[in-house]
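Q: just to be clear, the model below is a prediction. Sequence and coordinates:
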Amino acid sequence: MISIKNSAGGYSNTPIIRGINLCIEKGEFFTLLGPNGSGKTTLFKLVTGQLPLQKGDILIAGKELSSLSSLDKAKHMAVLSQEAQVSFDYTVEEIISLGRYPHQKGFLKKLSPLDWQVIEDVMEITKTKQLQKSQFRLISGGEKQRVLLAKALAQEPEILLLDEPTNHLDIKHTFEMLDLLKKWQKKKQLTVFAILHDLNVASLYSDRIGLLHHGQLLEVGDINTLRKEEQLQKVYDVQVKTQSHPTVPKPQLLMIPNYVTTDGLNDFSQSFTIKQTETLIHIEFNQPLRTISNGVIGDGIQWKTHFCNFHVEKNYDSPAPKKDIQMWLADYHIPYEQTVGMMTAVTLEDMVITTKQLGDIDIMAVVTSGVGNAIDITAKQEKKTTSNIGTINIMVFVDAHLTDGALVNACMSATEAKVKALLDLQIKDPYTNTLATGTSTDSLLIAVTQNGERTPYAGSGTVVGKAIGEVVYQATKEATCNYLERVKKNDD
Ligand SMILES: Nc1ncnc2c1ncn2[C@@H]1O[C@H](COP(=O)(O)OP(=O)(O)OP(=O)(O)O)[C@@H](O)[C@H]1O
């Protein structure tokens with residue numbers, strides 16, 4: 001649909017844009033990215049014919065751009081540019097109806113019923129109908145942007161060129177506009193060629209992106225191009241980290257500000273408090289820790305400051321455990337958003353804390369254990385639901401700097417150590433009478449200070465992994481013994 005061949009151009013004899021080869025297919029959403037002054041608008045001006053090419057060719061729908069009249073171009077392409085300024089006292093409706101100009105026939109160029117239908121339709125979808133009779137110059141920046149989009153869509157173009165279309169829009173209207181364009185793209189096979197500054201928005205909406213740097217295309221590819229951290233760093237001169245969006249399978253970029261230091265806590269042993277009552281174990285750090293957990297709240301990979309293990313009755317069976325924890329936290333004035341929360345029917349007094357120091361690295365495990373619901377994960381037999389006391393909640397705090405991969409390693413190390421503790425205590429699955437590997441509702445938290453050198457591994461082959469194994473093994477074994485003794489005492 002747009003074919004740019006070995007093109008160069010700019011404002012004087014020295015080209016701003018050089019050696020551009022790019023094909024944008026019909027129905028594609030292509031986004032041009034690049035820092036300020038990299039030449040994005042200049043390239044757009046070459047594509048619309050506002051600036052002459054100094055070298056190369058541009059074809060629009062197979063035709064040489066230079067062979068197209070202004071009217072021909074307007075039939076193919078609509079442009080929504082940053083510089084769109086309307087100085088006369090037009091109403092919104094009048095502005096939008098200008099979009100029909102290329103399609104109007106006859107000498108007097110009056111709007112036909114079909115033109116009016118199109119105008120009505122685009123006002124509807126861009127939510128500008130209620131502004132219809134307003135003076136364009138009096139409406140807000142965001143509203144103006146929507147009206148100009150309506151005008152561009154009224155043109156019924158095959159190609160829509162958008163130079164920072166979401167510039168004046170708040171988040172709601174940004175997403176609304178891009179959702180609308182996406183719908184239009186699919187329904188009408190509209191080709192969208194956009195300039196966007198927000199890399200994350202570009203990732204969510206584009207089919208492909210091009211990265212412009214000093215007037216040249218450094219990268220062209222699908223949105224996974226945004227996973228090239230080093231390339232982005234070089235182009236934007238900002239430290240970036242690529243993550244995956246939690247619900248959409250697309251990359252998202254996180255910028256790392258320069259002011260952030262990598263120093264963690266100064267003195268691990270002085271950086272937290274542990275409070276234990278009959279109803280709650282509450283560990284509070286003086287700054288957020290990087291966490292991975294399957295807690296009832298605060299699950300996944302996060303940064304959290306408060307770590308809570310709440311006592312519940314052994315027949316606790318709530319349809320909304322998150323809500324329950326939220327309520328209990330409110331009672332203790334502990335902020336819900338900063339907390340990893342677990343639950344257990346185990347007597348909290350039987351909690352065990354083990355610590356270990358390995359050179360500079362401090363490690364602490366806080367464990368409550370009940371094995372009434374012990375289970376052999378490899379056993380085939382279906383287990384009936386019971387209301388026995390049986391959950392092993394393990395919290396591991398490490399004064400080290402682990403990558404996300406190393407956090408997963410740490411989970412494996414802690415789990416292997418828990419299983420070994422149960423094996424050594426000969427804890428069995430009561431239904432299969434085989435050795436148990438855990439209970440049906442175990443929770444695990446690894447919380448790391450991110451202090452010191454970044455470590456990519458924390459498995460059983462590493463010093464940190466082994467130390468995690470050691471503290472978890474010891475604490476799980478001891479806490480399970482405490483539980484078994486209490487059960488025995490209660491039985492006697
Ligand atoms: N009318 C002009 N005359 C001369 N030079 C210009 C003109 N407009 C832009 N330039 C120069 O061309 C270069 C590229 O500008 P352009 O506007 O294409 O960048 P951009 O990538 O769109 O930037 P931004 O993200 O800031 O909008 C800049 O160095 C700019 O100063």
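A: That came through, no problem.

Q: make it CA atoms for all contacts and neighbour counts henceforth
A: Noted.

Q: buried ones in the helix or strand hosting K182?
A: Per DSSP states H and E: K182 is located in helix 171-188. Residues of helix 171-188 classed as buried by neighbour count (16 or more other CA atoms under 10 Å): H173, T174, F175, E176, M177, L178, L181, K182, W184, Q185.

Q: would you confirm that the second one contacts T166?
A: Read that as T174. Yes: when contacts are counted by CA atoms under 8 Å, T174 is listed as touching T166 (5.4 Å).

Q: would you quantify the distance from the residue nearest to G372 when sequence neighbours are not counted to G438?
A: With sequence-adjacent residues excluded and distances taken as CA to CA, 6 or more residues apart in numbering, G372 is closest to G390, at 4.3 Å. To G438, G390 is 9 Å away according to CA to CA, to the nearest Å.

Q: list residues touching both of the two?
A: V371, A374 (CA atoms under 8 Å, 6 or more residues apart in numbering).

Q: please report the distance of A414 from the ligand.
A: 49 Å (CA to the nearest ligand atom, to the nearest Å).

Q: that residue: how many residues sit nearby?
A: A414: 31 surrounding residues under other CA atoms under 10 Å.

Q: one more: A365?
A: Using other CA under 10 Å: A365 sits among 26 other residues.

Q: helix, strand or coil for it?
A: strand (DSSP: H, G, I helix; E, B strand; the rest coil).

Q: read off the pLDDT value for the closest residue to it other than its chain neighbours.
A: The shortest distance from A365 to any non-neighbouring residue, by CA to CA, 6+ apart, is to V396 (4.4 Å). At V396, the model reports a pLDDT of 98.

Q: ok so V396 is a strand residue?
A: Yes: according to three-state DSSP, V396 belongs to a strand.

Q: for it, give the beta-bridge partners.
A: Note on V396: beta-bridge partners A365, I446, judged by DSSP bridges.

Q: and it, how far from E313?
A: According to CA to CA, V396 stands 25 Å off from E313.

Q: the residue nearest to G372: what's it in contact with?
A: By CA under 8 Å, 6+ apart, the contact list for G390 reads T344, A345, V346, S369, G370, V371, G372, N373, A374, T439, S440, T441.

Q: was I right about the first one contacting N315?
A: No: applying CA under 8 Å as the test, T344 and N315 come out as separate, 10.8 Å apart.

Q: and these two? Which one has more around it.
A: T344 (26 against 11).

Q: now do the closest residue to the more buried one other than its chain neighbours, the pLDDT please.
A: The shortest distance from T344 to any non-neighbouring residue, by CA to CA, 6+ apart, is to H311 (5.1 Å). Per-residue pLDDT puts H311 at 96.

Q: return the residues in contact with H311.
A: Counting by CA under 8 Å, 6+ apart, H311 has contacts E278, T279, L280, M343, T344, A345, V346, T347, L348.

Q: as a markdown table, those residues with pLDDT would be great.
A: Listed next are the contacts of H311 as a markdown table, based on pLDDT from 0 to 100:
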| residue | pLDDT |
| --- | --- |
| E278 | 95 |
| T279 | 96 |
| L280 | 97 |
| M343 | 96 |
| T344 | 96 |
| A345 | 93 |
| V346 | 94 |
| T347 | 95 |
| L348 | 96 |
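
Q: filter the residues you listed to the buried ones?
A: Looks like these have T279, L280, M343, T344, A345, V346, T347, L348 buried, using 16+ other CA under 10 Å.

Q: remind me which residues of the stretch 1-150 of the chain are low pLDDT?
A: For the stretch 1-150 of the chain, the stretches flagged by pLDDT under 70 are 82-88, 104-109.

Q: tell me where it has helices.
A: For the stretch 1-150 of the chain, the helices defined by DSSP state H, counting those that start in this stretch cover 40-48, 70-76, 92-98, 113-125, 141-154.

Q: re earlier: phi and psi next, for the residue nearest to T344.
A: phi -90, psi 130 (degrees, to the nearest 10).

Q: how close does it get to the ligand?
A: Distance from H311 to the ligand, by CA to the nearest ligand atom: 56 Å.

Q: how about K322?
A: Per CA to the nearest ligand atom, K322 is found 45 Å from the ligand.

Q: right, and the helix or strand after the helix or strand containing V419?
A: V419 belongs to helix 404-424 when assigned by DSSP H and E. Later in the chain than helix 404-424, the nearest helix or strand by DSSP H and E is strand 438-439.

Q: the helix or strand following the helix holding K182 and the ligand, are they touching?
A: Using DSSP H and E, the helix or strand that follows helix 171-188 in sequence is strand 191-195. No: using CA under 6 Å from any ligand atom, strand 191-195 stays clear of the ligand, coming no nearer than 8.1 Å.

Q: what's the next helix or strand after strand 191-195 in contact with?
A: Next helix or strand after strand 191-195 toward the C-terminus (DSSP H and E): helix 199-205. By CA under 8 Å, 6+ apart, the residues outside helix 199-205 that reach it are 29, 31, 33, 178, 182, 196, 209, 223, 226, 250-253.

Q: go with 10 Å
A: Helix 199-205 is contacted from outside by 29-34, 166, 174-175, 178-179, 181-182, 194-196, 208-209, 222-226, 245, 248-254, using CA atoms under 10 Å, 6 or more residues apart in numbering.

Q: find the residues that touch each one of T174 and T166.
A: With CA under 10 Å, 6+ apart as the test, T174 and T166 both reach G142, R146, V201.

Q: next, format these as CSV and append distance to T48 and neighbour count.
A: Below are those laid out as CSV (distance: CA to CA, whole Å; neighbours: other CA atoms under 10 Å):
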residue, distance to T48, neighbour count
G142, 24, 17
R146, 21, 24
V201, 24, 16
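
Q: any chance of a markdown table for the residues you listed, columns distance to T434?
A: Shown next, in a markdown table, are the shared contacts of T174 and T166 (distance: CA to CA, whole Å):
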| residue | distance to T434 |
| --- | --- |
| G142 | 66 |
| R146 | 67 |
| V201 | 53 |
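
Q: which one of those residues is nearest to P52?
A: Using CA to CA, R146 comes nearest to P52 of the shared contacts of T174 and T166, at 29.6 Å.

Q: quick one: contacts for Q357?
A: I363, M364, V398, D399, A467.

Q: surely the last one and G359 touch.
A: No: using CA atoms under 10 Å, A467 is not in contact with G359; the gap is 11.3 Å.

Q: which one's more surrounded, those two?
A: A467 (25 against 6).

Q: residues in contact with that one?
A: Contact analysis of A467 by CA under 10 Å, 6+ apart lists 355-358, 361-364, 398, 413-414, 458-460, 473.

Q: same deal with A330?
A: Counted by CA under 10 Å, 6+ apart, A330 has contacts D324, Y336.

Q: which stretches of the stretch 251-400 of the chain have low pLDDT?
A: If you take pLDDT under 70 as the line, the stretch 251-400 of the chain has these spans: 261-265, 381-389.

Q: how about the strands in it?
A: Along the stretch 251-400 of the chain, the stretches classed as strands by DSSP state E, counting those that start in this stretch are 251-256, 272-276, 280-293, 300-311, 339-344, 352-358, 361-369, 374-375, 392-398.

Q: can you put those in TSV and add distance to A330?
A: Output for the strands of the stretch 251-400 of the chain, formatted as TSV (distance: least, CA to CA, whole Å):
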stretch	distance to A330
strand 251-256	31
strand 272-276	16
strand 280-293	13
strand 300-311	13
strand 339-344	12
strand 352-358	26
strand 361-369	23
strand 374-375	32
strand 392-398	22
